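Enquirer: Pasting a predicted model and its sequence here:
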Amino acid sequence: MFLLLEVTACVQRSIFLWLERPDKEQRDLLSRWTELGTDGPDLSQIRPVYAPKDFLDVIMALQNPNYNTGDSTGTYTLWGLVQLPLKLNDVNKLRLLYSDMAINQCQTGVDDVDIPPEMFDADRMKLGRKVITADHGPLAQEYAKKGCPISLRGDLWCQILGVIIDEFDVLYYEQLKSNVIAHDLLVDSLLYKDVKLTATNDDQYFVFEDFLYQILLPFTRDTDVLKHFGKNSASPPKSYIRGKLGDENFAVVYPPNGVIPFHGFAMYVAPLCYLYQEPVKLYYVFREIYTRYFFRLHSISSHPQGIVCLSLLFENLLQMHEAELFFHLKSVGCQPLRIAFKWLVRAFSGYLHSDQVLLLWDRVLAYNSLEILPVLAVSIFSFRKTNLLKVQSYNAAEAVLADLTTLQVIPLVQLSLFSK
Amino acid sequence: MSGKQTVRLKYACDQDKSVLINNFEARGWIPVGADDDWNFYWANVQSIRSVFSVDSGYRLQDDQVVNHFPNHMELTRKDLMVKNIKRYRKELDKDNNPLAEKDETGRFVHLDFIPQTYMLPADYNLFVEEGIGIFLVNKLSQLKKWSRDSKTSNFVPPTSKDTYVISKYIDNPLLIGGKKFDLRLYVLVTSFRPLKCYMFKLGFCRFCTVKYNASMNELDNMFVHLTNVSIQKTGDDYNAVHGGKWTVQNLRLYLESTHGKEVTDKLFDEIDWQIVHSLKAVAGGISNDRHCYECYGYDIIIDDNLKPWLIEVNASPSLTSTTSSDRIMKYKLMNDVINIVIPPGEPPEYDEDLAQSDPITVDPKNKLGPGAMGARGIREPKGRPSPATWK
């Protein structure tokens, strides 16, 4: 697996995968635990293991050797980059799935802004508070289909995800934290680099830099996360004790949670920092969201919500509904997926304004599906169609779609699903 | 946004800042010198003194507007601001105004918004300049030590005009991500009597780049405690992409998500009221020259009980942009200021009726939003001492 090769290449350069920290360093780290953002390790030798565009290259290369495209000229070849015939929801099924977001229904994110509160927002808040007191996950999930009001979102997500913090959970987190202090992993440097490259440079999330370390570093030590590989067709990368390469008796999962961070991984955590002030709660919510949804965004699998299917869904929807745009972009050398892929992998975190990301993730949790991500991507292309039809190069197309921070997510999704 | 004005006005500008010049050029205005016949003068605090001075000053014509009030220091000099606010409070207290309600410990419930401040006699020679003169003292003896150790060669004997302000440091600021921040809000005042003020919707928070640490030995570390961007810019961790700045929208989102809607709304409500009180406190003292308007920069710190404290008011808020979103915001600010002061399509002129009546409805495309709104429940006093209108 190419990831493991990258990581073991570091071993040859005698950067250790796993090193025990001396006592003095341990004490120092413990005292600096809440301000790891300052004075991190030397990152000049570190670069991210892979970025979304590398991942896209891998996906493009996937082919089904059993599939006969019909004739040698490949008239049935799909226009897009993903060349796999996978079964997906079409737009009618999507409309059914997301029927609670139809235009004739009031939504948080659209109708709580401009219309007077008596018409929608006040009732929504009252209902929301009742839902929270009921403390029932599926109920909260049903409520969230129309979006969560900002002040209730933190509690609602905890209920939907089933995150209840008791003393054992706090102890477990402290245990992970002491693991971080005791041992230094190479992955830590990757995470540091990632945070410094992404969240620290983002004007919405730079404030939370230190929280990100407090979440991501223990995350890598958390072997509970390995359970999610039961749903994932990937398997965790393994490493071998020095000198025993290939001997299964000396194989260890590396990093302990089986997840090698890629460029942009920290952005999965960043929007959550707006919701929770205590690191422990933030940790468990992140872990739950990751093991339920986000791991699918960077693993190769035929699961209908895996990134491969989401990419294909994006391309299919765009071809069907904006055929002229797709063809134009393809003919100027710009495959739409190349631009949209990074949005999908990161679930739009860091590309949209923070409150819009949270509104989007409300729907991911509520409908228990990541399919809204390609739907949104299609609607963005649709929205900027006039400018996109004028571009003549890949760079120009990228420039049109570079800044998404002014977009309002929910009206866009409604526009593309329910107004054709 | 206004298009080209039908009348090409003449402007003079003391500051070479792109957010200003771009706004003037977008309107097709003509640059002239400060001594020429201008319609719109964006002046420095220093040059405004000569405009209004008894000796060298000149009468402003009906079609001239200038961006400072003659004695704005009643609000913008900290010692005068404190004096005015304390006097305002006493007056309301004497009149038994419900606004001056006090709690069991004798502190004002609604009017307690400046940190405890003392004026010093002028024995201590402290330079007062942006951030360079802000010293943190935890013992009064430190002050005496500074004045003795002052290495300045140009020791200026204290005059009766020099007063120095010592404010009790707010040691429990609200921290976000463990970092201290303050709030910068912009308020445009076109008239003090009647009070007409406009609050700009897009403010920002300035974060310290280093973790906040209340311990004594960090008192010397300027980066931890002072949020002025001019200081933060020189720190190692300063990031030029976001400049340590957050929009007020982000702050609202964070506070509503973590603390709930009611306390967040109450916080912003209180901020609005503090601004209004501070303006009302000085309204009587500022000469209400009809050619004047002023765009103030309010610095506010929020403590961890979500109570805002007014730190100071700037007559010349910085128009330098540190990041691109900063530049956009300040451009919009100037654009709205000019549109309000000189409504598009007309040259500035003094209209007797307009000055006395309520302002016309604001163009909804303006980013400027209404200031404190009417119905406030119990905090609305039954009889207002002076008419105050704002949008």
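Expert: Cool, the structure landed. Numbering: from 1, shown residues only, chains lettered A, B, ... in the order given.
Enquirer: OK, contacts around B:Phe52?
Expert: When the contact criterion is Cβ atoms under 8 Å, 6 or more residues apart in numbering or on different chains, the partners of B:Phe52 are B:Pro70, B:Asp289. Yep, even glycine has a C-beta here, placed from its N, CA and C like the rest.
Enquirer: Now it: phi and psi?
Expert: phi -100, psi 0 (degrees, to the nearest 10).
Enquirer: B:Leu310 now?
Expert: Dihedral angles phi and psi of B:Leu310 (degrees, to the nearest 10) take the values phi -80, psi 120.
Enquirer: Wait, it touches B:Val276, no?
Expert: No: the pair formed by B:Leu310 and B:Val276 falls short of the contact definition of Cβ atoms under 8 Å, at 11.3 Å.
Enquirer: How about the secondary structure of the nearest residue to A:Pro271 once chain neighbours are set aside?
Expert: In space, not counting the residues next to it along the chain, A:Pro271 is nearest to A:Val357; the distance is 4.7 Å by Cβ to Cβ, 6 or more residues apart in numbering or on different chains. Each residue gets one of three states, and A:Val357 gets helix by DSSP: H, G, I helix; E, B strand; the rest coil.
Enquirer: Distance check, A:Val357 against A:Glu315.
Expert: Using Cβ to Cβ, to the nearest Å, one gets 23 Å for the distance from A:Val357 to A:Glu315.
Enquirer: Write out the residues of the stretch 251-391 of chain B neighbouring chain A.
Expert: Counting by Cβ under 8 Å from any Cβ of the partner chain, the stretch 251-391 of chain B comes close to chain A at B:Leu253, B:Tyr254, B:Glu256, B:Ser257, B:Thr258, B:Gly260, B:Lys261, B:Thr264, B:Thr323, B:Ser325.
Enquirer: now do the stretch 51-200 of chain B
Expert: Taking Cβ under 8 Å from any Cβ as the criterion, the stretch 51-200 of chain B approaches chain A at residues B:Ile176, B:Gly177, B:Gly178, B:Lys179.
Enquirer: unless I'm mixing things up, the residue nearest to A:Pro271 is touching A:Ser349, no?
Expert: Yes: under the criterion of Cβ under 8 Å, A:Val357 is in contact with A:Ser349, at a separation of 5.3 Å.
Enquirer: shaky segments in chain B?
Expert: Across chain B, the stretches falling below the confidence threshold (pLDDT under 70) are B:1-6, B:56-57, B:106, B:116-169, B:209-241, B:345-391.
Enquirer: Tell me where the longest helix sits in it.
Expert: Longest helix in chain B, counting residues (DSSP state H): helix B:261-283.
Enquirer: Given the helix or strand that comes right after it, what are its sheet partners and their directions?
Expert: Following helix B:261-283 in sequence order, the next helix or strand is strand B:294-302 (DSSP states H and E). The sheet places strand B:294-302 alongside strand B:179-191 (antiparallel), strand B:308-314 (antiparallel), with pairing taken from DSSP bridges.
Enquirer: got the CA positions of the helix or strand following the first one in PDB?
Expert: This points to strand B:179-191. Sequence-wise, the next helix or strand downstream of strand B:179-191 (DSSP H and E) is strand B:196-200. What follows is strand B:196-200, C-alpha atoms only, in PDB (Å, rounded to 0.1, in the frame of the first residue of the first chain):
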ATOM      1  CA  LYS B 196     -27.700  60.600  15.300                       C
ATOM      2  CA  CYS B 197     -25.400  57.600  15.300                       C
ATOM      3  CA  TYR B 198     -25.000  54.700  12.900                       C
ATOM      4  CA  MET B 199     -23.400  51.400  13.900                       C
ATOM      5  CA  PHE B 200     -21.500  49.600  11.300                       C
END
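Enquirer: Mind giving me the packing neighbours of the helix or strand just after strand B:196-200?
Expert: Where DSSP H and E defines the elements, the next helix or strand beyond strand B:196-200 is strand B:204-207. The contact analysis (3 or more Cβ pairs under 8 Å, 6 or more residues apart in numbering or on different chains; DSSP states H and E) places strand B:204-207 against strand B:179-191, helix B:229-232, strand B:245-247, helix B:248-259.
Enquirer: so which of the strands paired with strand B:294-302 is the most packed in?
Expert: strand B:179-191 (a mean of 22; mean count of other Cβ atoms under 10 Å in any protein chain shown).
Enquirer: Count the neighbours of residue 307 for me.
Expert: I went with chain A, as the question did not name one. Taking other Cβ atoms under 10 Å in any protein chain shown as the criterion, the count of residues near A:Ile307 is 26.
Enquirer: looking at chain B here, not the other one
Expert: There are 16 residues near B:Lys307, going by other Cβ under 10 Å.
Enquirer: OK, contacts around it?
Expert: Residues in contact with B:Lys307, defined by Cβ under 8 Å, 6+ apart, are B:Leu267, B:Glu270.
Enquirer: just the strands in the stretch 51-200 of chain B please.
Expert: Along the stretch 51-200 of chain B, counting by DSSP state E, counting those that start in this stretch, strands occupy B:65-66, B:117-120, B:164-167, B:175-176, B:179-191, B:196-200.
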